[in-house]
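Undergrad: My questions are about this predicted structure, shown below with the sequence.
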Protein chains: 4
Amino acid sequence: MKDIIGKTVNKRERILMAAVEVFTRRGYNNARMEEIAETAGIGKGTLYEYFDSKMQLFNEMIIKSWEEYSNSLTADSIHELNFEESIREIIKGHFTFSKEKKKLARVLFWDTEIMDEELKEWMRRRRKEQEKLIDQMVSRAVDAGEIKPVDKMLVYIILGGLVGSIWAINIMNNWEIDPQELADQLTEAVMDGIRK
Amino acid sequence: MKDIIGKTVNKRERILMAAVEVFTRRGYNNARMEEIAETAGIGKGTLYEYFDSKMQLFNEMIIKSWEEYSNSLTADSIHELNFEESIREIIKGHFTFSKEKKKLARVLFWDTEIMDEELKEWMRRRRKEQEKLIDQMVSRAVDAGEIKPVDKMLVYIILGGLVGSIWAINIMNNWEIDPQELADQLTEAVMDGIRK
Amino acid sequence: MKDIIGKTVNKRERILMAAVEVFTRRGYNNARMEEIAETAGIGKGTLYEYFDSKMQLFNEMIIKSWEEYSNSLTADSIHELNFEESIREIIKGHFTFSKEKKKLARVLFWDTEIMDEELKEWMRRRRKEQEKLIDQMVSRAVDAGEIKPVDKMLVYIILGGLVGSIWAINIMNNWEIDPQELADQLTEAVMDGIRK
Amino acid sequence: MKDIIGKTVNKRERILMAAVEVFTRRGYNNARMEEIAETAGIGKGTLYEYFDSKMQLFNEMIIKSWEEYSNSLTADSIHELNFEESIREIIKGHFTFSKEKKKLARVLFWDTEIMDEELKEWMRRRRKEQEKLIDQMVSRAVDAGEIKPVDKMLVYIILGGLVGSIWAINIMNNWEIDPQELADQLTEAVMDGIRK
DNA sequence: TATGAATGAGAATTCATTCAT
DNA sequence: TATGAATGAATTCTCATTCAT
């Protein structure tokens, strides 16, 4: 099986791509397995050769998508950057991902309702990892005298908040804005506050 | 009809309370009308004496809840406070609401997927109002020399982000924290930044 | 209780009038008890003080209406008329009734489906009576040398047929025609045939 | 798929046959989709693979049945027959159809109440066609000097009436009679009248 | 391995009927 | 006697899943 650019794409992959498309367009409950099959260009029954159930397909779709998102953030470069630059990169990366995959971001970050326990547990672990990463960033920055000895959780809230907010505004306002510019402004505000 | 604490509660109110309970526990699609009826302690058919459809019940539940939330924020006092104090109150108010009504907050702020067009429009108007409120706050604060002449949108993103973030963390971590303390710390960070 | 022209109308009567109105407008299955109650200007529960069930109300409505119809036909005068004049009167009477109470006629003559066994039996007896009446008319006419010694059933078919046909055409075509004229033409056709 | 006599019958056809059976036994409103499915020997959901809704199934059933009926009448032979012979054929054909498919005839000719607008329109067109056919028959017969220059509508009423009457009597009396004999007698009565 | 026709559990909604007031 | 709020049985339709080919 070949896709358009000639790269071999196996059927499992094709189904997952279709799942992203349909789940994000319709939401979990309104997505029909038949539409996913059609989108993947295969028969309805074939889905069940690769995935046990709608739920399992959703889970795997989320995991795959998270990994894509995650990869876009933890570019090794981050480890070589100082705190301010790291924050700027994180904001920019998140914004770019959210912009490209608006609806996926929604499902990924907020559709926790329909996740089953297994997937929720998986998500919790991923978030813990993120938290630890930020924790290390903050510690290093405090030690390096870059920032005030601030509670790691505080930074996590602020960063996480920005991240969610950006997505929400993206969705709501269909906002056109330059990722670089936004990242710059937000980073400055976070670093220096808004008090005159 | 009396509820536990002896206050008279009419049936429409009782159904709305049950709807909050069930919709937030299960999400719109997995909520069954029968469970809402049972929760309200009434028969299935009685629901339809008070609400035309599942969708309409959901809409009214959202609107009622938003109004409760909204009232908890726009305490008149806000208008007499300076910018820093206002931010502190908003964060505290939101956090308190989110803590008490965790799941409701989720539905309220993020479950836009299942809302019908009428409700979406209603929500958009409410958010515009919020935006205008913050806009005024920022303008006054800039004029008063309290803060840098910063883009109103930036403040909206930061505040909105914090608000979302707080909720998310609340949900995920089942976090125990004092609203006042959190509000203080976040306000300080927002005002003065985190740079040493 | 008084109706418009000041005649006392008891509640039972009022309900039956409302039943005619609603059953003929909606058909048995689409008629709601509530609408009948509203039309009668009484409460829903009150219906059940006077009639045991929807079915029973329908039955009584049919019986009452049939009697009205029946009275409009068996005017004593008929017994004093000769055969040709009788036929003319029957056709005219039926046409007039059908014209005034189009939809009731439909229910009365053709909605046998929803009748329960008791009512069907009642209708069968009424039709037998009609049949007997015609039988007598034919016998007398044959004896009097007015018509050929024709099978009574044949006349019954022809007359019954005309009766149904008139109603159907009334319904379908919303036909405007003078009862007297139609009766004259049909009677002539029946009596003398259409052969040149 | 084979039916009892070994003829291949596709499932759509089987469902339509079951629909005739159940709709005519119970009437539209009392027919349950589940019973139709059981009668067709298939699962409830399968109905909806072939028909969109109960209403659509009913419509198609009516149309199919009318076409069967129609075919039984407009045998090409009719066009070669004179007026008297044509009438005889029409009466005989209708009687035979009504005898075989009593209840279907009822639904077909009289259950207009539950038809939706689309189907009603379809029926109106079919009836117009019939009317035109009779119109032509009468015109030709008048021109040929076979019958008096009688109003076409009159013949339509008489023929249509007989047709309805035959069905009604069929239903009510469970009459056993020979189609040929009945057709002969009625034709004679129509042609020559019953006056001595 | 791939398919899609067949299935039936499940959910929203309606409305005749009951019954407390 | 009159009422209408409350009820739940009954019915249509959807769609994830199965399985014969």
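TA: It's in.
Undergrad: Could you list the low-pLDDT ranges of chain A?
TA: A:1-9, A:72-79, A:99-100, A:102, A:106, A:109-113, A:160-177, A:193-196 (pLDDT under 70).
Undergrad: Could you pull up the residues touching the most centrally placed residue in chain A?
TA: By CA atoms, centre = their mean, chain A has its centre lying nearest to residue A:69, at 4.3 Å. Contacts for residue A:69 (CB atoms under 8 Å, 6 or more residues apart in numbering or on different chains) come out as A:97, A:105, A:108. Quick note: C-beta positions are derived from backbone N, CA and C, even for glycine.
Undergrad: 10 Å instead?
TA: A:93, A:94, A:97, A:98, A:101, A:104, A:105, A:108, A:109, A:126 (CB atoms under 10 Å, 6 or more residues apart in numbering or on different chains).
Undergrad: In which helix or strand does it reside?
TA: helix A:54-73 (DSSP states H and E).
Undergrad: Tell me if that helix is near DNA strand E.
TA: No. Helix A:54-73 lies apart from DNA strand E when judged by CB under 7 Å from any atom of the strand; the minimum separation is 12.5 Å.
Undergrad: how much distance is there from the lengthiest helix in chain A to the middle of the chain?
TA: Taking DSSP state H as the criterion, chain A has its longest helix at helix A:117-143. Helix A:117-143 sits 14 Å away from the centroid of its parent chain (CA atoms, centre = their mean, to the nearest Å).
Undergrad: in that helix, what's buried?
TA: Residues A:119, A:122, A:123, A:127, A:130, A:131, A:133, A:134, A:137, A:138, A:141, A:142 are the ones in helix A:117-143 that count as buried (16 or more other CB atoms under 10 Å in any protein chain shown).
Undergrad: Quick check: the first one touching residue A:28?
TA: No. Shown here, residue A:119 and residue A:28 do not form a contact pair, counting by CB atoms under 10 Å, at 11.3 Å.
Undergrad: Show me the common contact partners of the two, please.
TA: Common neighbours of residue A:119 and residue A:28 (criterion: CB under 10 Å, 6+ apart): A:55, A:58.
Undergrad: So which bits of the helix holding residue A:69 are buried?
TA: Here helix A:54-73 shows A:54, A:57, A:58, A:59, A:60, A:61, A:62, A:65, A:66, A:69, A:73 as buried, counting by 16+ other CB under 10 Å.
Undergrad: and the residue of chain A found nearest chain D, what element?
TA: Nearest to chain D, among the residues of chain A, is residue A:34, at 12.1 Å (CB to the nearest CB). Applying DSSP H and E as the criterion places residue A:34 in helix A:33-40.
Undergrad: Next, residue A:147: phi, psi?
TA: Main-chain dihedrals, residue A:147, degrees, to the nearest 10: phi -130, psi 170.
Undergrad: Does stretch A:28-35 reach DNA strand E?
TA: No. On the criterion CB under 7 Å from any atom of the strand, stretch A:28-35 is out of touch with DNA strand E, staying 8.2 Å away.
Undergrad: Between the two ends of that stretch, what distance do you get?
TA: In stretch A:28-35, first residue to last residue: 12 Å (CA to CA, to the nearest Å).
Undergrad: And it, what's buried?
TA: A:28, A:29, A:31, A:33, A:35.
Undergrad: residue contacts, the spatially closest residue to residue A:28 that is not a sequence neighbour?
TA: Spatial nearest neighbour of residue A:28, excluding adjacent residues (CB to CB, 6 or more residues apart in numbering or on different chains): residue A:114 at 4.5 Å. By CB under 10 Å, 6+ apart, the contact list for residue A:114 reads A:23, A:27, A:28, A:29, A:55, A:58, A:107, B:26, B:27, B:29, B:30.
Undergrad: Please work out which residue of chain A is closest to DNA strand E.
TA: Proximity of chain A to DNA strand E (CB to the nearest atom of the strand) peaks at residue A:45, 1.8 Å away.
Undergrad: what sits against that residue?
TA: A:33, A:37.
Undergrad: how much space between residue A:116 and residue B:44?
TA: As for residue A:116, its distance to residue B:44 is 28 Å (criterion: CB to CB, to the nearest Å).
Undergrad: quick check, nearest of the buried residues of helix A:117-143 to residue B:40?
TA: Checking these against residue B:40 with CB to CB, the nearest one is residue A:119 at 31.4 Å.
Undergrad: Just the buried ones from the contacts of residue A:69?
TA: Looks like the contacts of residue A:69 have A:93, A:94, A:97, A:98, A:101, A:104, A:105, A:108, A:109 buried, using 16+ other CB under 10 Å.
Undergrad: can you list the domain ranges for chain A.
TA: A:1-51, A:58-192 (automatic domain parsing).
Undergrad: any chance of the ones you listed in JSON lines, plus distance to residue D:155?
TA: What follows is the domains of chain A, written out as JSON lines (distance: least, CB to CB, whole Å):
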{"stretch": "domain A:1-51", "distance to residue D:155": "56"}
{"stretch": "domain A:58-192", "distance to residue D:155": "69"}
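Undergrad: Could you work out which of these reaches nearest to residue C:89?
TA: Of all the domains of chain A, domain A:1-51 sits nearest to residue C:89, with 66.2 Å by CB to CB.
Undergrad: Please compute how far that closest one lies from its chain's middle.
TA: 20 Å.
Undergrad: Which residues are in contact with residue A:104?
TA: Residue A:104 neighbours (CB under 10 Å, 6+ apart): A:20, A:21, A:23, A:24, A:61, A:62, A:65, A:66, A:68, A:69, A:97, A:98.
Undergrad: hmm, try it at 7 Å
TA: A:20, A:24, A:65 (CB atoms under 7 Å, 6 or more residues apart in numbering or on different chains).
Undergrad: wait, doesn't the first one sit right on residue A:63?
TA: In other words, residue A:20. No. Taking contacts as CB atoms under 7 Å, residue A:20 lies outside contact range of residue A:63: 11.6 Å.
Undergrad: Please report the distance of residue A:87 from DNA strand F.
TA: 41 Å (CB to the nearest atom of the strand, to the nearest Å).
Undergrad: Just give the nearest non-adjacent residue to that residue, would you?
TA: Nearest residue to residue A:87, sequence neighbours excluded (CB to CB, 6+ apart): residue A:187, at 5.2 Å.
Undergrad: residues contacting the one you found?
TA: Counted by CB under 7 Å, 6+ apart, residue A:187 has contacts A:84, A:87, A:88, A:91.
Undergrad: if you set the cut-off to 10 Å instead, what comes out?
TA: For residue A:187, the contacting residues are A:83, A:84, A:85, A:86, A:87, A:88, A:89, A:90, A:91, A:92, A:162, B:193, by CB under 10 Å, 6+ apart.
Undergrad: Just give me the closest of the residues you listed to residue D:178.
TA: Among the contacts of residue A:187, and counting by CB to CB, the member closest to residue D:178 is residue A:162, at 92.0 Å.
Undergrad: if we can go back for a sec, which pair in the buried residues of helix A:54-73 has the greatest spatial separation?
TA: Of all pairs in those, the most separated under CB to CB is A:54 and A:73 at 28.9 Å.
Undergrad: Run through the neighbouring helices and strands of the helix or strand hosting residue A:90.
TA: Under the criterion of DSSP H and E, residue A:90 resides in helix A:83-100. Here helix A:83-100 touches helix A:54-73, helix A:77-80, helix A:102-110, helix A:117-143, helix A:152-173, helix A:179-192, going by 3 or more CB pairs under 10 Å, 6 or more residues apart in numbering or on different chains; DSSP states H and E.
Undergrad: what's the nearest residue to the residue in chain A positioned nearest to chain C if we skip its chain neighbours?
TA: Here chain A gets closest to chain C at one residue, residue A:30, 32.0 Å apart by CB to the nearest CB. Spatial nearest neighbour of residue A:30, chain neighbours left out: residue B:29 (7.8 Å); criterion: CB to CB, 6+ apart.
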